[in-house]
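Colleague: Turn this into a structure:
(one chain, ligands or ions: 1)
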Amino acid sequence: MNGLKIDLTKCTGFFNEIEMEDELKLADGMAKLLVSGKGKGNDFLGWMNLPIKENNEELKHIKECAAKIQSQAEYLINIGIGGSYLGVKAIDDALYLADNGTKILYSGNSLSGTDMRRLIEIIRNKDIALNVVSKSGTTTEPAIAFRILKDIMYDKYGKEAKERIYAVTDENRGAVKDICDREGYERFVIPNDVGGRYSVLTPVGLLPLAAAGADIDSLLNGAGAQYHACNKEGNSCIQYAAARNILYKKGFTTEIMAVYESSLRFFGEWWKQLYGESEGKENKGIFPASVVFSADLHSMGQYIQQGLRNLYETVILIEEAPMDILIPDTGGDEDGLEYLAGKNMNYVNRIAMEATVNAHVSGGVPNIIISLPKQDEYNIGKMIYFFEYACAVSGYILDVNPFDQPGVEAYKKEMFRMLGKPGN
Ligand code: PA5
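Modeller: Numbering: from 1, shown residues only. The predicted structure is shown next:
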């Protein structure tokens with residue numbers, strides 16, 4: 001079966017073969033360091049084995065709860081922020097899960113009262129279930145959302161609310177965990193050694209995605225296949241990590257993920273957190289940005305083509321898009337489109353992609369192309385693991401700890417001081 005592929009031919013001209021060979025050796029060494037468990041942040045390597053872990057009991061429990069949620073609710077409100085929601089949203093959108101049974105609504109990822117009011121309007125006359133996801137159990141955004149929505153659940157369902165509230169938390173600590181234990185909500189655990197942005201293949205992602213109808217076995221199988229691929233010398237993860245680090249050293253300090261399916265917009269958001277939070281520290285790191293083409297060619301295209309030359313792109317190419325439609329032959333050419341009559345829209349999208357890559361490369365923007373045969377559970381699972389593994393290797397090349405996020409505390413400290421939180 002054709003799998004995930006990386007194409008670096010559109011980087012030729014920006015670095016030579018010897019530079020690539022040297023960087024590949026470095027990346028290979030960093031992959032070995034990662035696998036040895038002796039690198040920085042080695043107490044957070046639990047994500048590495050998630051796809052191949054024997055966790056049948058937990059999977060069974062997740063599927064039972066997912067089936068219960070499906071029977072209870074039209075909407076599952078998933079409360080969480082950062083790593084506690086971006087992966088779920090990325091996969092939910094990529095698989096078009098909202099077209100099926102229980103739909104996921106997202107909350108606790110902002111402090112906007114408007115967002116909360118609008119959500120409450122949407123769920124007013126609907127059957128709902130609540131899933132609160134917080135590893136620390138103390139993050140302000142999900143904590144406020146949980147307080148408000150839990151109240152609404154009790155108003156709506158009385159004691160039965162307890163049967164409709166689920167949680168994914170740390171095993172031993174945090175306010176959310178304490179509330180769940182006291183109230184007797186169904187609770188799943190985020191393993192201690194898995195950080196938020198690497199947690200989508202734990203119950204953080206698996207529970208809501210299964211409830212929304214995703215085939216989580218296939219998602220894990222895809223990630224598992226990529227796990228095995230990553231353990232081969234010179235694999236695509238190593239090539240990606242090497243290429244982006246050569247470019248970084250040459251002054252290409254911004255990486256733009258470009259997707260050509262709007263359903264992958266949130267995949268870009270998930271990827272930005274993964275790379276931004278893992279690498280952006282000690283005054284170092286590639287700045288991750290994302291665009292959805294061709295829409296953003298009409299907003300960001302000008303800058304990418306002719307702006308500051310510190311950009312490179314990583315293009316996600318889906319060989320067989322989820323759906324397609326023919327451009328009709330209407331028998332006339334008043335719109336000047338007769339030359340496209342009888343062609344599929346995806347054909348035009350593909351040509352737009354190839355043309356954009358050519359134009360951007362000529363404009364001085366190296367392009368890395370990562371292709372996948374399909375946008376299904378198996379392949380999305382592969383892509384998730386691909387980027388996680390490459391991120392860890394890349395962070396080690398940069399000589400940072402890719403598993404911590406000390407900088408996130410700064411805004412919280414100042415916000416708590418200004419809000420008058422006791423003890424701050
Ligand atoms: O990657 C991370 O660790 C963060 O993005 C967290 O996921 C995010 O801050 C939410 O934290 P918590 O799950 O503790 O509420």
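Colleague: Check the offset of stretch 221-240 from the chain's centre.
Modeller: When C-alpha coordinates are averaged (CA atoms, centre = their mean, to the nearest Å), stretch 221-240 and its chain have centres 18 Å apart.
Colleague: So which bits of it are buried?
Modeller: Going by neighbour count (16 or more other CB atoms under 10 Å), the buried part of stretch 221-240 is 221-227, 229-230, 235-240. Heads up, the C-betas are built off the backbone N, CA and C, glycines and all.
Colleague: Also stretch 391-410?
Modeller: For stretch 391-410, a neighbour-count test (16+ other CB under 10 Å) marks 391-398, 400-405 as buried.
Colleague: what's it in contact with?
Modeller: Residues from elsewhere that reach stretch 391-410 (CB atoms under 8 Å, 6 or more residues apart in numbering): 23, 26-27, 30-31, 33-34, 39-41, 43-45, 195, 198, 237-238, 240-242, 244-245, 248, 274-275, 277-282, 284-285.
Colleague: Which strand in the chain has the most residues?
Modeller: As assigned by DSSP state E, the longest strand anywhere in the chain is strand 311-320.
Colleague: Return the residues of the stretch 101-250 of the chain in contact with the ligand.
Modeller: For the stretch 101-250 of the chain, the residues found near the ligand under the criterion CB under 6 Å from any ligand atom are 134-136, 139, 142, 195-197.
Colleague: out of those residues, which are inside helices?
Modeller: Per DSSP state H, helices hold the following members of these: residue 142.
Colleague: mind giving me a markdown table with the residues of the stretch 101-250 of the chain next to the ligand and columns for neighbour count and pLDDT?
Modeller: Written out in a markdown table, the entries for these read as follows (neighbours: other CB atoms under 10 Å; pLDDT from 0 to 100):
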| residue | neighbour count | pLDDT |
| --- | --- | --- |
| 134 | 29 | 95 |
| 135 | 28 | 91 |
| 136 | 17 | 88 |
| 139 | 25 | 93 |
| 142 | 26 | 97 |
| 195 | 23 | 96 |
| 196 | 25 | 96 |
| 197 | 25 | 97 |
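Colleague: Now do the same for the residue most central in space within the chain: its pLDDT.
Modeller: By CA atoms, centre = their mean, the mean C-alpha position of the chain lies nearest to residue 270, the distance being 2.8 Å. Per-residue confidence for residue 270 comes out at a pLDDT of 98.
Colleague: Low-confidence bits of this structure, can you list those?
Modeller: Counting by pLDDT under 70, the chain shows low-confidence ranges at 1-2, 234.
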